[in-house]
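Undergrad: coordinates only, sequence not included:
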Ligand SMILES: C[S@@+](CC[C@H](N)C(=O)[O-])C[C@H]1O[C@@H](n2cnc3c(N)ncnc32)[C@H](O)[C@@H]1O
Ligand SMILES: [Zn+2]
């Protein structure tokens, strides 16, 4: 917990972009910008230490608890292993953008693991799950990461920026995304008219930047509590109309996309 990794060549000062030196209780750049480390070892690299009123504060404790319980059933293990296959053995630092409570990082093989999320509670849970990895509260659109410092970067059902991916990846580095396919969790989605469905379908394609895209599709038969957990860990619970609801039978349909540098 809270290991001293000396001069981090990955985390960067959000004020001046210089590399951060991490010691047990703090992180500091050579311009003396200082950030406290929590007792679980993560740092808050949101500029000013707090989020602008317009910014989402990310996932809540309740949805993170649902996600942790759902992952424990192993239902999403095929997604985690397809992601691990796309990234293979990583010879250096891997960064999980929008890491949530840390599940996917536990499946990735890399010499150094980093994660960022805008939700402080997510980062706290991930730090406890992976004491040897390094976590920061930060925005996916302004990664506090040194240019060309990562051997791999990925994001699972979370906001990400391909400009930021290109900036943080080493030459020859690998990126990956996991994004919903057209039938993902369709039984739990609200009923909509055809034109919205067609728009959704276009949005459910792999990113145009992908050099490889593998479609993973399988059916889940869930217990009532797992169905509830799945529903409450997704945006379905708050984003959609009242006719969306947890169901026992669910289709999983995702794209695991990847590519090499840019
Ligand atoms: C649907 S969850 C996925 C979490 C994790 N990747 C997983 O699949 O278990 C989306 C995550 O993105 C985070 N998030 C939302 N907006 C963000 C942003 N602008 N920057 C970084 N993380 C963000 C949320 O806090 C949440 O943990
Ligand atoms: Zn600085």
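TA: Looks like it arrived, so ask away. The structure displayed is predicted, hence computed values, not measured ones. Ligands and ions are numbered 1, 2, ... in the order given.
Undergrad: Helix or strand next in line after the worst-scoring helix or strand of the chain on mean pLDDT, which one?
TA: Least confident helix or strand of the chain, by mean pLDDT, DSSP states H and E, is helix 194-203 with a mean of 63. Next helix or strand after helix 194-203 toward the C-terminus (DSSP states H and E): strand 212-221.
Undergrad: what helices or strands is that following strand leaning on?
TA: helix 77-87, strand 249-260 (3 or more CB pairs under 8 Å, 6 or more residues apart in numbering; DSSP states H and E). All C-beta atoms are positioned from the backbone trio N, CA, C, and that covers glycine.
Undergrad: Indicate each strand paired with that strand and its parallel or antiparallel sense.
TA: With DSSP bridges as the test, strand 212-221 is paired with strand 249-260 (antiparallel).
Undergrad: Report whether the partner strand contacts ligand 1.
TA: No: using CB under 6 Å from any ligand atom, strand 249-260 stays clear of ligand 1, with a minimum separation of 10.3 Å.
Undergrad: Can you name the residues that contact the nearest residue to residue 68 once chain neighbours are set aside?
TA: Leaving out its chain neighbours, the residue that sits closest to residue 68 by CB to CB, 6 or more residues apart in numbering is residue 101, at 5.2 Å. Contact partners of residue 101, counting by CB atoms under 8 Å, 6 or more residues apart in numbering, are 64, 67, 68, 71, 122, 125, 126, 129.
Undergrad: Reformat those residues as JSON lines; add neighbour count.
TA: Compiled in JSON lines, these are given as follows (neighbours: other CB atoms under 10 Å):
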{"residue": "64", "neighbour count": "23"}
{"residue": "67", "neighbour count": "23"}
{"residue": "68", "neighbour count": "17"}
{"residue": "71", "neighbour count": "20"}
{"residue": "122", "neighbour count": "28"}
{"residue": "125", "neighbour count": "25"}
{"residue": "126", "neighbour count": "28"}
{"residue": "129", "neighbour count": "17"}
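Undergrad: Quick check: the two most widely separated of these?
TA: Spanning the widest gap among the contacts of residue 101 are 71 and 122, at 13.0 Å by CB to CB.
Undergrad: can you count the residues close to the residue in the stretch 101-250 of the chain that ligand 2 sits nearest to?
TA: At 10.2 Å from ligand 2, residue 144 is the closest residue in the stretch 101-250 of the chain, using CB to the ion. Residue 144 has 25 neighbours, counted by other CB atoms under 10 Å.
Undergrad: Kindly report the same for residue 91.
TA: 11.
Undergrad: From residue 111, how far off is it?
TA: 7 Å (CB to CB, to the nearest Å).
Undergrad: sec struct for the closest residue in space to residue 129 that isn't next to it in sequence, please.
TA: The spatial neighbour of residue 129 that comes closest, neighbours along the chain excluded (CB to CB, 6+ apart), is residue 102 at 4.2 Å. State at residue 102, reduced to three classes by DSSP: H, G, I helix; E, B strand; the rest coil: coil.
Undergrad: how about residue 102, what does it touch?
TA: The contact partners of residue 102, by CB under 8 Å, 6+ apart, come to 96, 115, 125, 126, 127, 129, 130, 133.
Undergrad: how near is the last one to ligand 1?
TA: Using CB to the nearest ligand atom, to the nearest Å, one obtains 14 Å as the distance from residue 133 to ligand 1.
Undergrad: If anything else comes up later, I'll come back, but that's it for now.
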